[in-house]
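# need a 3D model of the sequence below.
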Amino acid sequence: MKKNKELLDNVLKVIAKDRERTNITRKYEQKAIAFLVQCIPPCISSNILSVIGLVGNLIVGLSFVLGAFINSNFLLLGIVGCFINWFGDSLDGRLAYYRSKPRKWYGFCLDIMIDWIGITAIGIGFILYLGSQWELIGYGFIVMYALEMIITLLRYKITNKYSIDSGLLGPTEVRLIICLVLIIEVIFNGTFVYFASFSTLILLISNIKDGLQLLKFADERDKNN
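Take a look at the predicted model:
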């Protein structure tokens, strides 16, 4: 048991050395990732895991489409999509570090592009599920999420720090919230529009806050040069 714990701790150090996490579930999530990377067969590469992550987001988007045109119970398919996305998105880069084959810049570019495709698919699903009277909310969600990605890139350029978390909330917490909301929508049909509106508003506030902070960092860097 002690030997297994030491092995897990060593793997944790390897997979987490390039990234500092601040999200609520980080302790348990990192341990799960450290265990899972040891179980991935050699034939599964980081690129394959990235594709798996994208498939997960596409399934989430599909669940909204099916929920809109067939039955709202299909929204529960989105929970499966969230898990698949977590598996692929969380393990792709960590697997590369575990195998001592990190591709920092390639992985960074691939993650951004795949995330954009995935979130666009989910946003389109939002729009179709919410209906024409609420389609601006779905559009606003895509715009706000895209702006968050731009701010993340600018922060990396200016501060040389890449963070996927916003305080105590990270991608994993967002997935858990989405799963909870999907369950609530299936039970109490019509509540999703409130979540979509609230999440878009939160993204707007977060982007304004992060954007102003980023401008402050940029101004300080200019003064120090």
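
# from now on I want contacts and neighbour counts done on CA atoms only, so please keep to that.
Fine.

# just the buried positions in the longest helix along the chain, please.
Using DSSP state H to define each element, the chain has its longest helix at helix 192-224. Neighbour counts over helix 192-224 (16 or more other Cα atoms under 10 Å) mark 192-193, 196-197, 199-201, 203-204, 207, 210-211, 214, 218 as buried.

# ok, now stretch 91-99?
91, 92, 93, 94, 95, 96, 97, 98.

# only C-alpha atoms, please: export that stretch in PDB.
Extracted C-alpha coordinates of stretch 91-99, given in PDB (Å, rounded to 0.1, in the frame of the first residue of the first chain):
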ATOM      1  CA  LEU A  91      -5.600  13.100 -19.700                       C
ATOM      2  CA  ASP A  92      -4.200  14.100 -23.200                       C
ATOM      3  CA  GLY A  93      -1.500  16.500 -22.000                       C
ATOM      4  CA  ARG A  94      -0.900  14.600 -18.700                       C
ATOM      5  CA  LEU A  95      -0.300  11.400 -20.600                       C
ATOM      6  CA  ALA A  96       2.400  13.100 -22.600                       C
ATOM      7  CA  TYR A  97       4.200  14.300 -19.500                       C
ATOM      8  CA  TYR A  98       3.800  10.800 -17.900                       C
ATOM      9  CA  ARG A  99       5.400   9.200 -20.900                       C
END
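
# and the helices in the protein?
For the chain, applying DSSP H gives helices covering 2-15, 26-37, 46-69, 77-98, 104-130, 135-159, 171-187, 192-224.

# which other residues reach the third one?
The reference is to helix 46-69. By Cα atoms under 8 Å, 6 or more residues apart in numbering, the surrounding residues in contact with helix 46-69 are 72-89, 91-93, 95-96, 111, 114-115, 117-119, 121-126, 128-130.

# can you pull the contacts of residue 91?
Counting by Cα under 8 Å, 6+ apart, residue 91 touches 33, 36, 37, 46, 49.

# ok, 7 Å please
33, 37, 49 (Cα atoms under 7 Å, 6 or more residues apart in numbering).

# look up how far residue 126 lies from it.
Here the criterion is Cα to Cα, to the nearest Å. By it, residue 91 lies 27 Å from residue 126.

# centroid residue for this structure?
In the chain, the centroid-proximal residue (Cα atoms, centre = their mean) is residue 171; its distance is 3.7 Å.

# would you mind measuring from that residue to residue 25?
Noted for residue 171: a distance of 10 Å to residue 25, by Cα to Cα.

# distance check, residue 47 against residue 72.
33 Å.

# sorry, wrong one. I was asking about residue 174.
As for residue 174, its distance to residue 72 is 21 Å (criterion: Cα to Cα).

# so which of those two has more stuff around it?
Between residue 174 and residue 72, residue 72 has the larger neighbour count (other Cα atoms under 10 Å), namely 20 against 13.

# which residue packs closest to the more buried one, ignoring adjacent ones?
residue 186 (6.0 Å; Cα to Cα, 6 or more residues apart in numbering).

# the one you found - how many residues pack around it?
Residues within reach of residue 186, counting by other Cα under 10 Å, total 18.

# list the contacts for residue 163?
Contacts of residue 163 by Cα under 7 Å, 6+ apart: none found.

# need the phi and psi values for it.
The phi and psi values for residue 163, taken as degrees, to the nearest 10, are phi -130, psi 130.

# what's the pLDDT at it?
Model confidence at residue 163, given as pLDDT, is 72.
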